[in-house]
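1. turn this into a structure:
(chains A and B)
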Amino acid sequence: MADTVQRRPAVRRSRPPAGPGPARAPAPARVRAGAFIRRHKLAPYLLLIPALGGIALVLLWPLLQVVLFSFQNYGLPQLTGALPTQWVGLANFTHTLTDTEFWLSLRTTVLFAAVVVPLTLITGTAVGLLLNRLGRKMSAFVAGAALLAWATPPTAGAVLFYWLFNPDGGLVDWALSRMPAWLVGSTNWAQYNWTTTGALQAYTVATLLVVWTSFPFIAVSVLAGLKTVPAELYEAARVDGATRSRVFRQITYPLLKPIFLVLLLLSVIWDFNIFTQTYILTGFPGNQNEYNLSLYIYDKAFGFPPSYGLGGALALIFTIIVLVITVSYVRASVRQGALT
Amino acid sequence: MTTAQPQIGAPQLWAGAEGGGASGSRARTARRARAVTANAFGLIIALVTLFPIFWMVSTAFKPSAEIFSLTPSLLPTHPTLGNFSKVISGQASGIGSVWLFFRNSLAVTLATVVIASLFSLLASVAVARFRFRFRSSFLIMLLIVQMIPAQALIVALFVDFNRLGLLANLGGLVIVYSAQALPVSIWMLRNFVATVPRDLEEAAAIDGASAATIFRKILFPLVMPGLVATSIFSFITAYNEFIVALTFLGQAHSSFTLPIYVTYFFGRGGAQWGPIMAASTLYTVPVLIFFMLVRRRLVGGLVAGAVKG
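-> Residues are numbered from 1 along each chain as shown, chains lettered A, B, ... in the order given. Okay, here's the model as predicted:
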């Protein structure tokens, strides 16, 4: 009863603005603008303007430009205005696709992702499962240690690993040279140069570095997922005498599958895109055989002579590959109901 | 939260009661053995994970003779601040004191956090509170755009910002970083905005509050945890960013941010590992402390952002 009594005036109050209400007779400019926005439902668009402006200026427009560059001979003379820009058709693409360095760098990129992604996911998942089993304090300690590795800036991490694997005074070479030959082979590890010997050695270091920095994110995400699994399921499985591996295969994995899918795609994209760490570890512009696709693009675009056209063509190829992966990522997210 | 313990404990208690004393104590021993193994694994993982960071800090405090010693020691036997003083005086890098680059990094990062937070809050209100044409297209555009690698756009960005005269300029970096942080920030924040009860806003509107007042007094405080999460995200984006700063700043030493400074220093060669590790320590440790402090918010927010999109 009290409810209806109270509600009545509110309903009545919202009704009057049929004509020029007595209170709003002099309608100042701000109110009029507000009414205009409301009538045309402009509010969301106005709120979007700053963000959309920034994204358009820094992300969308450059993307379009990259496409344009890839069909032009845009280089240093064109940048300074000394020579006019010319359209060169598919020349940049044919040059790229016939360059063996390009295919070598693409191979390095793909192989690196193919090794690092499963390694990161397995390590991360194992640590996530472990965190779920540990007591409160131990779990917090391990998660804290992982957080620190994850939070270390990529630049600092790469310089640090370069130092750890340095032939002069690096700890890894020292440790390997102390180990028995049956374990580490007969290589002279004492002065072993990890970063300039070849792509395999350099990317071994990069692999360790990337697994070190990215397993924590996987572990914490898996842990968050595990917390959502209803405890009754585990209890029921335990009562039925299911083994640990069976519990993982038949309860944990199916329930965490959507999270795994997203983590997998994110890892693929991250490891495919890797630039900072390999730039530092290979001592760019060092050995060309150690380029991955990102370093190759950077070298073509900004090396000597700089060719923004060639860089554009490469960037376009690179973007298309990444976007193909991204589309599956978006579809996975949409299937999870991320758009609601 | 000790979610694991009580849940596992209950059925085992029940099994023990049924199985009798002997098997109960055997089960308890097995359980304790498993717990010990798990703890041992946890300890090893934590130590291995922490080791590189420990080694960085340890090297930073070692005198040159100990750094290149044939028998490296875990801790510096004669700890020194010499590496730090070389980094602070600018003697080691030859391009200035580490504080200059620290200031540059801090200015760029803070400006990015403020701009990205404000813009993404406005946009996330639009996305979470209104149904409008292109809403889904906008959201999908954000998802796709955040995936475009910076090294693909850097060519065009370099040409554009060169034309704008913003290359060797910290403001240019702020513009790029803010825009880069926006897609994920909006994506994360809209979930927070969506959880603010609409009734609250409507009640305020009935009481005659203007849109700006509702925004400031109701929405803003309630969305604060979300803003903290997105701020952390834009903080990392800006503080760690490498390729754009590398390309834009070129040889403009006085505008270097910390990552570019550390790389430059390192690229000069001469095996100055003591000062390089001192500089890396000064670059890294503040973020590590910061992350330990915001840890609780971090995990939830980032996972929400990552897993949801």
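
2. contacts and neighbour counts: CA atoms only from here.
-> Fine.

3. does the most centrally placed residue in chain B belong to a helix, a strand or coil?
-> Centre of chain B computed as the mean C-alpha position; nearest residue by Cα atoms, centre = their mean is B:I236, 3.7 Å away. Three-state call for B:I236 (DSSP: H, G, I helix; E, B strand; the rest coil): helix.

4. give the contact list for it.
-> Contacts of B:I236 were listed using Cα atoms under 8 Å, 6 or more residues apart in numbering or on different chains, and none were found.

5. check the gap between it and B:A181 for me.
-> When Cα to Cα, to the nearest Å is applied, the distance between B:I236 and B:A181 equals 9 Å.

6. cool, and A:W103?
-> The spacing between A:W103 and B:A181, counted by Cα to Cα, is 32 Å.

7. quick one, which of the two is more surrounded?
-> Set side by side, A:W103 and B:A181 show more neighbours around B:A181, with 26 against 15, by other Cα atoms under 10 Å in any protein chain shown.

8. for the closest residue to B:N104 other than its chain neighbours, report the pLDDT, please.
-> The shortest distance from B:N104 to any non-neighbouring residue, by Cα to Cα, 6 or more residues apart in numbering or on different chains, is to B:T257 (5.5 Å). According to the prediction, B:T257 has pLDDT 95.

9. over to B:P286?
-> 92.

10. give me the number of residues near it?
-> Here the number of neighbours of B:P286 (other Cα under 10 Å) works out to 11.

11. now it: which helix or strand?
-> Counting by DSSP states H and E, the element that carries B:P286 is helix B:273-308.

12. also A:P254?
-> Assigned by DSSP H and E, A:P254 belongs to helix A:253-273.

13. same question for the next helix or strand after that helix, mean pLDDT?
-> Of the helices and strands lying after helix A:253-273 in sequence (DSSP H and E), the nearest is helix A:276-281. Mean pLDDT, helix A:276-281: 94.

14. likewise stretch B:115-127?
-> With pLDDT averaged residue by residue, stretch B:115-127 scores 93.

15. can you list the low-confidence ranges for chain B?
-> Across chain B, the stretches falling below the confidence threshold (pLDDT under 70) are B:1-24, B:269-270, B:297-309.

16. what's the domain layout of it?
-> Here the domain assignment for chain B is B:4-60, B:87-308, based on automatic domain parsing.

17. need the helices for the stretch 1-150 of chain A, in chain order.
-> Under the criterion DSSP state H, counting those that start in this stretch, helices of the stretch 1-150 of chain A are mapped to A:2-14, A:29-39, A:43-55, A:61-69, A:76-80, A:91-97, A:100-133, A:136-151.

18. okay, those helices in TSV with mean pLDDT and distance to B:S231 next?
-> Conversion of the helices of the stretch 1-150 of chain A to TSV gives the following (pLDDT from 0 to 100; distance: least, Cα to Cα, whole Å):
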stretch	mean pLDDT	distance to B:S231
helix A:2-14	41	39
helix A:29-39	74	30
helix A:43-55	92	15
helix A:61-69	93	25
helix A:76-80	85	36
helix A:91-97	91	40
helix A:100-133	94	25
helix A:136-151	92	15
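
19. could you save those as CSV and add columns showing distance to chain B?
-> Putting these into CSV (distance: least, Cα to the nearest Cα, whole Å) gives the following:
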stretch, distance to chain B
helix A:2-14, 8
helix A:29-39, 9
helix A:43-55, 4
helix A:61-69, 5
helix A:76-80, 7
helix A:91-97, 14
helix A:100-133, 6
helix A:136-151, 5
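
20. so for B:I206, which of those sits nearest?
-> Comparing these against B:I206 with Cα to Cα, the closest turns out to be helix A:2-14 (8.1 Å).

21. for A:G89, give its distance to A:L79.
-> Taking Cα to Cα as the measure, A:G89 falls 19 Å from A:L79.

22. mind checking which of those two has more residues around it?
-> When A:G89 and A:L79 are compared on other Cα under 10 Å, the one with more neighbours turns out to be A:L79, at 16 against 12.

23. excluding its backbone neighbours, what's nearest that one?
-> The spatial neighbour of A:L79 that comes closest, neighbours along the chain excluded (Cα to Cα, 6+ apart), is B:V159 at 7.1 Å.

24. starting at the chain centroid, how far to the helix or strand where the one you found lies?
-> For B:V159, the host element (DSSP H and E) is helix B:150-164. Centroid separation for helix B:150-164 versus its chain: 25 Å, with Cα atoms, centre = their mean, to the nearest Å.

25. which residues touch that helix?
-> A:58-59, A:62-63, A:65-66, A:79, A:275, A:294, A:297-298, A:301, A:308, A:311-312, A:314-316, A:318-319, B:167, B:172, B:243-244, B:247-248.

26. among the residues you listed, name the ones in strands.
-> Using DSSP state E, no member of those falls in strands.

27. that older thread, which one of the domains of chain B is the most hemmed in?
-> When neighbours are counted by mean count of other Cα atoms under 10 Å in any protein chain shown, the highest per-stretch mean among the domains of chain B falls to domain B:87-308, a mean of 20.

28. so which residues of chain B form helices?
-> Under the criterion DSSP state H, chain B carries helices at the ranges B:4-19, B:21-60, B:64-67, B:82-89, B:98-129, B:135-145, B:150-164, B:170-195, B:198-206, B:211-214, B:220-240, B:243-249, B:258-267, B:273-308.

29. wait, which of these is closest to A:L160?
-> Scanning those with Cα to Cα as the criterion, the closest one proves to be helix B:21-60, at 6.5 Å.

30. helices or strands next to that closest one in the packing?
-> On a contact count with 3 or more Cα pairs under 8 Å, 6 or more residues apart in numbering or on different chains; DSSP states H and E, helix B:21-60 meets helix A:100-133, helix A:136-151, helix A:154-164, helix B:4-19, helix B:273-308.

31. and if we set it to 6 Å?
-> Packed against helix B:21-60 by the contact rule (3 or more Cα pairs under 6 Å, 6 or more residues apart in numbering or on different chains; DSSP states H and E) you find helix A:136-151, helix B:273-308.

32. and the angle from the shortest one to helix A:154-164?
-> Orientation check (axes from the mean of the first three to the mean of the last three Cα atoms, to 10 degrees): helix A:136-151 against helix A:154-164 gives 90 degrees.

33. go through helix A:136-151 and flag the buried ones.
-> Within helix A:136-151, the residues that count as buried by 16 or more other Cα atoms under 10 Å in any protein chain shown are A:138-139, A:141-151.

34. picking up where we left off before, what is the helix holding A:P254 packed up against?
-> Packed against helix A:253-273 by the contact rule (3+ Cα pairs under 6 Å, 6+ apart) you find helix A:100-133.

35. run the last query once more with 10 Å
-> Helices and strands touching helix A:253-273, as assessed by 3 or more Cα pairs under 10 Å, 6 or more residues apart in numbering or on different chains; DSSP states H and E, comprise helix A:100-133, helix A:199-227, helix A:293-302, helix A:308-335, helix B:150-164, helix B:273-308.

36. show the contacting residues for B:T213.
-> B:E201, B:A204, B:A205, B:L219, B:F220 (Cα atoms under 10 Å, 6 or more residues apart in numbering or on different chains).

37. quick one: B:T109 and B:Y239 touch, right?
-> Yes. Counting by Cα atoms under 10 Å, B:T109 touches B:Y239, with 5.7 Å between them.

38. mutual contacts of those two, please.
-> Common neighbours of B:T109 and B:Y239, counting by Cα under 10 Å, 6+ apart, are B:Y177, B:T257.

39. and for the closest residue to B:L70 other than its chain neighbours, the neighbour number?
-> For B:L70, ignoring the flanking residues on the chain, the nearest one in space by Cα to Cα, 6+ apart is A:G169 at 7.2 Å. A:G169 has 22 neighbouring residues, counting by other Cα under 10 Å.

40. part of a strand, is A:G169?
-> No. When classified by three-state DSSP, A:G169 is found to be coil rather than part of a strand.

41. return the backbone torsion pair for it.
-> phi 90, psi 0 (degrees, to the nearest 10).
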